[in-house]
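J.: just the structure for this:
(chains A, B and C)
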Amino acid sequence: MLTFWTFARKFARNRAALLGLLVIVAVVVVAAMAPVWFPRNPLRIVGRPEIWPFVNPRFPLGTDSLGRDIAAMIAHGARTTLMIGIFASLTASLIGITVGSTAAYFGGWVDEVFMRIAELFQTIPNIIFVLTIVSILGQTITNITIAVGIVTWTPIARLTRAEFLSLRDREFVQACRAIGMRDLSIMVRQILPNALPPVIILSSLVVASAILFESAVSFLGLGDPNVASWGGLIGDGRTLIRSSWYICAVPGIAIMATVLALNLVGDGLNDALNPKLNEG
Amino acid sequence: MLRILFRRLVQIIPLILGVIIMNFGLIQLAPGSFLDVMTAEQQISDPAMIERMRILYGMDQPAAVQLLKYIWSVVTLDFGYSYRQNAPVLTVIMQHLPATALLMLAAIAVALLVGVVAGVVAAVKVNTIWDNLISLIAVFFFAAPTFWLGIMLTILFSVKLGWLPVGGMRTVGTEFGAIAATFDIARHLLLPAVSLGLFYAATYARVMRASMLEVYKSDFVRTARSKGLPGFQVVVIHVLRNALLPVVTLLGLQLGTVLGGSVVIETVFSWPGIGSLMLDSVMSRNYPVVLGVLVMSSVVVAVANAAVDIAYFKLDPRISAR
Amino acid sequence: MDTISRRDLLAGAAGLALTSAIGGTASGQAARTPKRGGTLVGSWGGFEPQALFVPPGGGSSPNMTSTKVLERLIRLDEDLQFRPVLALSVTPAADFRSYTIKLRPNVKWHDGADFTADDVVFNAMDYWKPISSGGALNALVSAEAVDKETVVLKFNATVPDFFLKSILAGRTVTIPKHIYAGKEMMTNPANNLPIGTGPFKVREWVRGSHVEYVRNENYWDPQLPYVDKLVIRWWRDPASRSAAFEAGQLDFAVFNPIPAPDVKRLVDTRRFTAVTEGYKNTAWALTTYFNTQREIFKRADVRRALLHAVDREFISDTIYFGRAKPATGHIPSSNSLFYFKDLPTYSFDPDKAGKLLDAAGYPIRNGSRFTMNIVSAGWFEENVKAGQYLRQAFEDIGIKVDLAIPDRATSLKRIYTDYEFDMAISNNSGPLELAPQWTQSYTTSGIVKGAAFRNASRYSNPALDKLVDQYLVETDPKKRQALAREFQLILATEAPVTSLVEIVSATVARSDVRVAANYADVLGESWAHIWLDR
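T.: Okay, the predicted model is just below:
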């Protein structure tokens, strides 16, 4: 097994991944500090509408069409974005790991049924499914999170299944069976820890796609109206792309930077954990 | 091969049944039914009229009966009637399908072309500035929300430069010859296809690069090289062919996503396809159309996956040898 | 023939920014001879219709696409004169219980069949009364064809002249009997390719994109229409429409088609014009309903207090970019018949709002007075912003607010079926005539569960109902106005339903597009009078 330090050293060798980590840390800090830096509701109207960025020091990123502080909305939006990303990824991982591990461990008809269900979810165009769920359950952050989790679990399930399949018949598992361990504890205590690293990497990528899903949902006007959201800001700014295109551009850059950083970190983790590349 | 095809087709049936039941159930959960929207949109306020519509739409019957009726109508290849559009659902879908199919194909073409070329270049020039640059650009496009990219491209190419049209599928009101009309559509198609395609191109480039590198290391390539075949030939004939496998798999798996992605892109570019129809139908709880599109897309994706299986046979000598 | 005042609608405003056109009167009477020919590409500030013609109405979009083909008996112009279309005259009897309609002779349907009195009888009894008029023709007892060109409508009550003509110039398009009789009206295939008597015939409808019309060569007015071809095209968002204007792909668009900041920019290029005429008979407002069945909001003093907390100037200037103005009554000021400027108004005064709430028994305790939920119907972008603004405005006077902005379907259900709100934000709209469209949002008979744009407040006041009933049968125009003022006074004082701002609609056009008529409802007229000065 890799120790943490050798792992960290390998990860740090990848400059891009390090940069990604830095960006993510920055986003987390902004999200954490948002209530301190911008204690008022970010959706409050605080100034003149359509002030460009870097013009008025009170509003470093300018104001939107209503006169709301874009910096405040970006900061609070970071909270929304991270929360939806992380919790959707957790939801997806929970479903995916449960389905994938059960299917692989028991095999046979269980496997068949679970994989058919996964195929079912893969067949439905996912963004449409998210929109349907959100418009039916209601436009709240919780529902968007659940909806995104529901459409993103299938790759995790497939990966978990593949990992489990390769581990299922290993000696240490056979040994556990022989000493009469229960299925559940073999799955959770013995196989899962070994199968987890690649699944975790995939989960970090699911955070990225969850963020993209959320932004699309908000952009299409189905986001939660009570919270600031990056995608929602792009949607709001769209009617003004002629005169004030920065309203669209700023949150777009924020989304891109975050998703990019998550991908770079995912790559870094992958390289650090992938034995094949480590040889070279 | 025929057996696999047959097995695949049989598997589609429970899949579609699942799609129908799941989405039917979901729609039943919704607050605000189709009828509420219809009556408001048509500004019907006479209670007797509302009752008449309830019966006309079959909504006076219990949900289970409605579901069974719907399943039967799918079995008979009749996807029901959309009272909102006042036309059979199949007709409505078919009217929008060509535009979406065109957009999807164009986007996939962009994705494959850009993705495969970039992936090959990155793999051939591995660990050079080219490789890094391509990787960087790939993550950039992978990270940018497609709709945002679409808006930004519109600002640049349509608003600031004025080279390309802002939206729609063709210039209306003018008569064109066949060639001019094709060119006209292509001009309209360019931005949406690129916005949508670049996202997938990013994925394909990464996958292509990785799988090229993988295949490079494999024994048969070493053999080919040791036989003294020139580098280019090795890349094209042996490596490329084998490295394409994961890309093909991905393509099959992602068809549903491409269809979904076009919903968002279609709203940005006013593209008259399934996407805008779907969004409109979801918003208005027009469930015959929502279900119709979902069922149709399931069929498309399932058939595409079957096609991928067949492509595997063609591409991978090891599988066909079995 | 028609007494069309040839007013160059758009040339008058050329070079003016929209703001200066608002409230301005008709100007620019450059009476040039219209040219024939060309293709006009039109659009509006909304989406594609569900069908080109939706029998019960279906909102603005099918109204726009159907009225190019299907005609009404008469038309209302901005000067409040009714002009003949399919009917040459509509004349009341002395007792106002029957009306005689003289029809235009030698009119043919697009399929070649004759348009006759039988068609009108069918429309009156089987279409207008039960389906399209929304209950406005309930007093109609019979329609008889006296001869091929004369129809008599008989009523069981007195019917005011302006009221009936307003209905006949409104939602009552004339559909062909030989195509609709004896069949289910909602699912008739002709709804997708309407057959009418109008100046344009449908040539092709490409769903998701556009509908193309061509000149009706056999139109009853051989001068019209001026353009050879009309295309109505839809874009999903306003920014695309303004880009389409600039790219030369769009000539004429109604009902606020493009983002407000773009209007000035386009008009400044002098290649485009923007005017606000043509919407007198379809006025829109940002409307709030209080739920009068809820403990706190059944009290008029609380409702009035809350209205003092709202800055309508802000809503007009910032949320609507100046394309709205503060309303001073339920009826918009553009209604020259039934608008009264001396009704009680609620100035923006948060301190006063707070004091009134203190006096009403709702002082601030533990940081707030009470919690209320606001449901804002999310079909217009401005409603979303208005919801967010109202939350802030009420929070400023110590009220906790839960805001919900559901999509179209859920909004309709929550506001008009479940009444699940303390305050709802929606949009009332209507013609010059108050009954039934405007009045049904506060009369007791307007409380119909599940029927949209009715009395969602469930406000019920017998005194007000009585005045409205009198108004419905009063035939003297002056007395009608007096009654209208009286019931609007009650409404403004009690404030269950309030127009916060009146929306100012604008038409944007290329500067070479001319309209040789002054439609009171530019979206819902035939556009036969539009010509291209190229």
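J.: only C-alpha atoms for contact and neighbour calcs from this point on.
T.: Fine.
J.: the one helix or strand residue B:268 maps to near chain C anywhere?
T.: Here residue B:268 is covered by helix B:241-269, with elements defined by DSSP states H and E. Yes. Counting by CA under 8 Å from any CA of the partner chain, chain C is contacted by helix B:241-269 at B:267, B:268, B:269.
J.: closest to chain A out of these?
T.: residue B:267 (8.4 Å; CA to the nearest CA).
J.: next one, pLDDT for that closest one please.
T.: On the pLDDT scale, residue B:267 is placed at 83.
J.: ok, it - contacts?
T.: Contacts for residue B:267 (CA atoms under 8 Å, 6 or more residues apart in numbering or on different chains) come out as B:275, B:276, C:236.
J.: after the helix holding residue B:268, which helix or strand is next?
T.: Downstream of helix B:241-269 (by DSSP H and E), the next one is helix B:274-283.
J.: for the record, mean pLDDT for that following helix?
T.: Here the average pLDDT along helix B:274-283 is 80.
J.: who's in contact with it?
T.: So helix B:274-283 is contacted by A:128, A:131-132, A:135, B:93, B:96-97, B:99-100, B:259-260, B:262-264, B:266-267, B:270, B:287, B:289-290, B:293, C:208, C:407-409 (CA under 8 Å, 6+ apart).
J.: now with 6 Å, please.
T.: B:96, B:97, B:100, B:263, B:266 (CA atoms under 6 Å, 6 or more residues apart in numbering or on different chains).
J.: where's the dip in pLDDT among the residues you listed?
T.: residue B:263 (79).
J.: roughly how far apart are it and chain C?
T.: 12 Å (CA to the nearest CA, to the nearest Å).
J.: please apply the same query to residue A:63.
T.: For residue A:63 relative to chain C (CA to the nearest CA), the value is 12 Å.
J.: can you give me the neighbour number for that residue?
T.: Residue A:63 has 28 neighbouring residues, counting by other CA atoms under 10 Å in any protein chain shown.
J.: partner residues bridging it?
T.: residue A:69 (DSSP bridges).
J.: ok, it - contacts?
T.: Residue A:63 touches A:49, A:50, A:51, A:69, A:70, counting by CA under 6 Å, 6+ apart.
J.: what secondary structure does the most centrally placed residue in chain A sit in?
T.: Geometric centre of chain A, nearest residue: residue A:207, 1.1 Å, by CA atoms, centre = their mean. Classification of residue A:207 using DSSP: H, G, I helix; E, B strand; the rest coil returns helix.
J.: grab the nearest non-local neighbour of it.
T.: residue A:85 (4.6 Å; CA to CA, 6 or more residues apart in numbering or on different chains).
J.: in the stretch 51-200 of chain B, what residue comes closest to chain C?
T.: residue B:85 (4.7 Å).
J.: oh sorry, the question was meant for the stretch 1-150 of chain A
T.: For the stretch 1-150 of chain A, CA to the nearest CA, closest residue to chain C: residue A:66, 6.1 Å.
J.: residues contacting that residue?
T.: residue A:49.
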